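1. sequence and computational prediction follow.
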Amino acid sequence: MSALREKAAWRTLEEHRQQLENQHLRDLFAADPGRAERYRADAAGWRLDYARHRVNDQTLEHLFALARECGVEARRDAMFAGEKVNTTEQRAALHIALRAPARKVIKVDGANVVPQVHAVLKRMGEFALAIREGRWLGFSGRPIRNIVNVGIGGSDLGPVMAYEALRHFSDRKLQMRFVSNVDYTDFAEAVHDLRPDETLFIIASKTFTTLETMTNAHSARDWLLAAADGDKAAVAKHFVALSTNEKAVEEFGISTDHMYGFWDWVGGRYSMDSAIGLSTMIAIGPEAFRDMLAGFHAMDEHFRTAPLERNLPVIMGLLGVWYNDFFGAETVAVLPYEQYLKRFPAYLQQLTMESNGKHVTLDGATVDVATGPIYWGEPGTNGQHSFYQLIHQGTRLIPCDFIGFGQSLNPSGRHHDLLLANMIAQAEALAFGKTLQQVEDEGISQELAPHRVFEGNRPSSLLLTERLTPTALGSLVALYEHIVFTQAAIWNINPFDQWGVELGKQLALRVVDEIESPRKPLNHDSATNATIAWYRKARSKTDEGASKSPAKAQRKVLVLDIGGSHVKAMLTGSQREVAIKSTRTLAPAEMIKQLRTMIRGWKYEAVSIGYPGPVVHERIAREPYNLGKGWVGFDFAKAFGCPVKIVNDAAMQALGSYEGGRMLFLGLGTGLGSAFIVDGIIEPMELAHLPYKKGTFEDYVGARGLKKLGKKKWHAHVFDVIEQLQAALEPDYVVLGGGNVRYLNELPAGVRRGDNHNAFAGGFRLWENKA
Ligand SMILES: O=P(O)(O)OC[C@H]1O[C@H](O)[C@H](O)[C@@H](O)[C@@H]1O
């Protein structure tokens with residue numbers, strides 16, 4: 001028998017469990033009207049309501065006695081003092097130092113680590129601001145707008161969770177994406193619609209050796225270099241590293257100037273508030289990040305100083321042990337009634353299960369009580385419509401942690417009242433259930449009655465606070481970190497190592513080698529051998545298939561941008577642009593004839609045409625103003641011998657310039673092109689011919705207006721027209737394309753200069769996006 005089961009408090013709890021056996025929560029509430037008041041504790045702005053647990057005062061007394069007997073306080077103090085509590089790796093576990101105020105002194109091997117922590121936070125803050133303020137430019141000189149965090153485990157789950165949780169506080173101009181899986185689909189989908197010259201990759205890896213992360217990091221570098229014509233200098237502008245391994249970061253090609261470090265005393269799953277939180281800091285800004293750290297610190301201080309009887313992490317940790325070891329509960333459901341916390345259960349899975357999924361005690365003896373329970377969950381109310389059935393009426397005991405907020409960050413009508421009403425009602429239903437008597441009193445038939453009975457007596461905690469702020473999130477995460485710690489201290493296991501992930505990793509390296517060298521003999525067990533053999537065969541089929549699919553993925557597209565002065569053409573994958581002159585008599589057959597001589601040898605499978613006039617459902621709706629006749633109804637697909645997509649020329653340029661939100665595009669060329677894109681949907685417009693002064697918009701701001709009125713007056717009209725259209729259409733931004741933009745030295749507020757090449761980008765996008 002292990003020392004734990006021999007402990008006096010443990011034995012007392014075993015006996016006490018039997019006494020409590022027949023007491024329903026209904027009885028406990030009836031016997032003790034004050035329990036709702038008493039079984040409540042507050043810390044760092046959070047309220048824990050633990051009245052709906054199968055405990056009474058004696059239970060709690062025995063549980064606290066167990067904590068004392070197991071030395072929880074001494075272990076906690078050792079962790080806070082920087083002792084090497086991670087004994088199997090001979091390391092301190094000092095995540096609490098990551099959020100310590102600058103004046104604190106926390107020593108590891110005699111050296112204060114707090115100044116290093118703050119030095120890194122300062123550098124992170126400067127970098128985050130450079131990105132947020134558009135001062136950090138990519139290789140083409142455009143500001144970074146997309147941030148892709150590449151990491152896995154602790155280098156992914158915390159950042160993803162925090163980004164989702166604090167999205168309300170994030171800068172919406174920035175796109176945040178996360179790539180973790182070695183499945184290339186994860187990367188492909190994350191960058192699918194991103195411009196490489198506006199994309200920053202954060203390579204997050206404590207060790208900088210993790211197979212998945214390094215594989216994805218190399219793919220990211222290839223993706224960027226392909227767009228930067230192989231210019232290696234671009235890497236410095238588009239990659240930063242978060243790691244403890246300086247050497248490996250440099251070997252990858254990221255200079256230490258672009259590295260944000262942390263230390264071996266920060267475990268991966270305890271690292272979201274270290275440099276690993278850079279994506280969070282970029283999203284919400286350094287100030288809000290500091291608020292989050294303050295939230296963590298407030299809970300740390302509570303855990304460090306509050307008496308066990310009022311100590312939230314200790315109370316919740318002990319209740320967890322109570323169900324896990326005395327009731328055989330195998331899982332804990334975490335049910336946030338807050339959509340922003342949708343990734344919180346996933347985050348907790350690594351924190352709790354990688355920490356406390358251990359089978360031996362600190363001294364290597366096999367444990368003889370159950371350790372870490374399985375954590376799982378989904379946000380309410382969604383879970384109510386899927387798995388709550390089992391929690392209410394199934395045969396297993398599943399303690400639940402409900403998490404709720406007094407105020408919604410997106411208040412509207414009754415939504416939040418309904419949300420919270422559901423959470424409160426679920427806790428009530430689980431605890432008190434519905435007896436057979438109650439069911440029968442409702443007039444339910446005898447046959448149906450058993451199906452309608454709710455046994456109740458199902459325990460839950462309620463964690464409540466006012467609003468999901470960065471501070472509240474910090475305290476919530478720290479709360480669970482210390483729950484995990486408390487339980488590990490009771491079970492006498494090491495929550496800071498993770499040897500259990502190693503074996504699979506090692507075997508995967510051997511297997512991948514055998515897969516890629518198909519003639520190597522297989523010396524595994526018969527089942528593994530058979531599966532490897534199956535995959536060797538299956539992948540060779542995929543290879544044949546794949547050799548066909550790249551062509552499909554990178555369909556060669558010929559893009560024609562038809563304008564009043566030129567018809568320009570470009571082919572997928574080439575930077576070369578060719579052009580023929582337009583005339584007022586140019587007809588489509590003639591255009592194609594002239595083009596053919598220019599593009600001899602070009603191979604394409606599809607054509608995109610930007611047409612200077614109205615296009616409805618990919619058909620030309622009216623003859624062009626500035627060219628010849630014969631365009632309406634012309635069969636371009638037949639003439640080119642491949643599928644053709646026709647869009648309005650401004651719409652095509654607009655599609656290539658689009659960067660999200662509501663965008664008005666105006667093309668200042670021979671005429672005045674216009675298109676509006678809202679959330680990716682293009683609405684081509686014909687604003688040019690609306691009445692303006694003594695003519696139309698186009699008469700004043702088109703090429704004819706420029707010639708007739710002179711630059712100065714034309715300039716004033718352009719500004720006036722933009723102002724009118726901004727007032728009427730309320731775009732988030734206006735992009736000005738077309739050749740005559742070059743005559744504008746300055747631009748009105750909210751207006752950006754487009755790039756004529758975007759017409760081609762738009763033409764290629766037409767076939768990429770099925771737009
Ligand atoms: O940050 P990294 O060194 O890349 O590690 C990423 C993750 O992978 C490992 O296998 C561990 O199980 C995790 O604890 C860790 O968070």
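-> Structure's in. What do you need? Keep in mind the model is a prediction, meaning the values are calculated, not measured.
2. wait, what's in contact with the residue of the stretch 101-250 of the chain found nearest the ligand?
-> Nearest residue of the stretch 101-250 of the chain to the ligand: residue 153, at 2.6 Å (CB to the nearest ligand atom). Quick note: C-beta positions are derived from backbone N, CA and C, even for glycine. Contacts for residue 153 (CB atoms under 8 Å, 6 or more residues apart in numbering) come out as 180, 210, 268, 269, 350, 354.
3. which of those residues has the most neighbours?
-> Within the contacts of residue 153, neighbour counts (other CB atoms under 10 Å) peak at residue 269, which reaches 26 neighbours.
4. roughly how far apart are it and the ligand?
-> Separation of residue 269 from the ligand (CB to the nearest ligand atom, to the nearest Å) stands at 5 Å.
5. contact residues of the protein facing the ligand?
-> Residues of the chain found near the ligand (CB under 6 Å from any ligand atom) are 151-155, 205-207, 210, 213, 268-269, 354, 498, 501.
6. contacting residues around residue 396?
-> 329, 330, 331, 390.
7. which of those residues are buried?
-> When these are checked for burial by 16 or more other CB atoms under 10 Å, the buried set is 329, 331.
8. may I have the predicted confidence score for the residue of the stretch 101-250 of the chain closest to the ligand?
-> Here, the pLDDT recorded for residue 153 equals 98.
9. right, and out of the contacts of residue 396, which lies closest to the ligand?
-> Closest approach to the ligand among the contacts of residue 396 (CB to the nearest ligand atom): residue 331, at 20.9 Å.
10. tell me the bridge partners for the closest one.
-> residue 374 (DSSP bridges).
11. next step: the contacts of residue 153 restricted to strands.
-> Among the contacts of residue 153, no residue falls in strands (DSSP state E).
12. residue 43: which of these is nearest?
-> Nearest to residue 43 out of the contacts of residue 153 is residue 269 (CB to CB; 21.8 Å).
13. mind listing what the closest one touches?
-> Counting by CB under 8 Å, 6+ apart, residue 269 makes contact with 153, 154, 157, 158, 350, 351, 354, 355.
14. ok, the last one touching residue 486?
-> Right, the one you point to is residue 355. No - Residue 355 is not in contact with residue 486 according to CB atoms under 8 Å; the separation is 11.3 Å.
15. now the helix or strand hosting residue 706: how far from the chain's centre is it?
-> Using DSSP states H and E, residue 706 maps to helix 703-709. Distance of helix 703-709 from the chain centroid (CA atoms, centre = their mean, to the nearest Å) equals 50 Å.
16. number of residues surrounding the residue in the stretch 651-771 of the chain that the ligand sits nearest to?
-> Here the residue of the stretch 651-771 of the chain nearest the ligand is residue 660; by CB to the nearest ligand atom that distance is 30.6 Å. Number of residues near residue 660 (other CB under 10 Å) recorded here: 15.
17. ok, residue 202 next?
-> Number of residues near residue 202 (other CB under 10 Å) recorded here: 26.
18. surely it is within a strand?
-> Yes - assessed with DSSP: H, G, I helix; E, B strand; the rest coil, residue 202 lies in a strand.
19. let me know whether it touches residue 144 as I believe.
-> No - checked against CB under 8 Å, the pair residue 202 and residue 144 is beyond contact range at 10.9 Å.
20. among the residues of the chain next to the ligand, which lie within helices?
-> Counting by DSSP state H, the residues of the chain next to the ligand place residue 213 in helices.
21. what are the buried residues along stretch 361-380?
-> 361, 362, 367, 371, 372, 373, 375, 376, 377, 378, 379, 380.
22. from those, which is closest to residue 299?
-> Checking those against residue 299 with CB to CB, the nearest one is residue 375 at 18.6 Å.
23. once you drop chain neighbours, what's closest to residue 245?
-> Spatial nearest neighbour of residue 245, chain neighbours left out: residue 208 (4.1 Å); criterion: CB to CB, 6 or more residues apart in numbering.
24. per-residue confidence for that neighbour?
-> Here the pLDDT value assigned to residue 208 is 96.
25. next, work out how far apart residue 347 and residue 477 are.
-> If you measure residue 347 against residue 477 using CB to CB, to the nearest Å, the figure is 8 Å.
26. list the contacts of the helix holding residue 706.
-> Helix 703-709 has contacts (CB under 8 Å, 6+ apart) with 564, 669, 670, 671, 698, 699, 700, 714, 717, 740, 743.
27. can you say which of those residues are buried?
-> Buried members of the contacts of helix 703-709, counted by 16+ other CB under 10 Å: 564, 669, 670, 671, 698, 699, 700, 714, 717, 740.
28. need the residues you listed in TSV (columns: distance to residue 89 and pLDDT).
-> Shown next, in TSV, are those (distance: CB to CB, whole Å; pLDDT from 0 to 100):
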residue	distance to residue 89	pLDDT
564	71	86
669	66	86
670	70	84
671	70	87
698	72	91
699	76	92
700	74	93
714	71	92
717	71	93
740	66	89
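29. circling back to that earlier point, pull out the buried residues from the helix holding residue 706.
-> By 16+ other CB under 10 Å, the buried positions in helix 703-709 come out as 703, 705, 706, 709.
30. now compare the residues you listed and name the two farthest from each other.
-> 703 and 709 (11.1 Å).
31. which parts of the stretch 451-600 of the chain are helices?
-> Remark: helices assigned in the stretch 451-600 of the chain by DSSP state H, counting those that start in this stretch are 470-491, 502-516, 526-553, 588-598.
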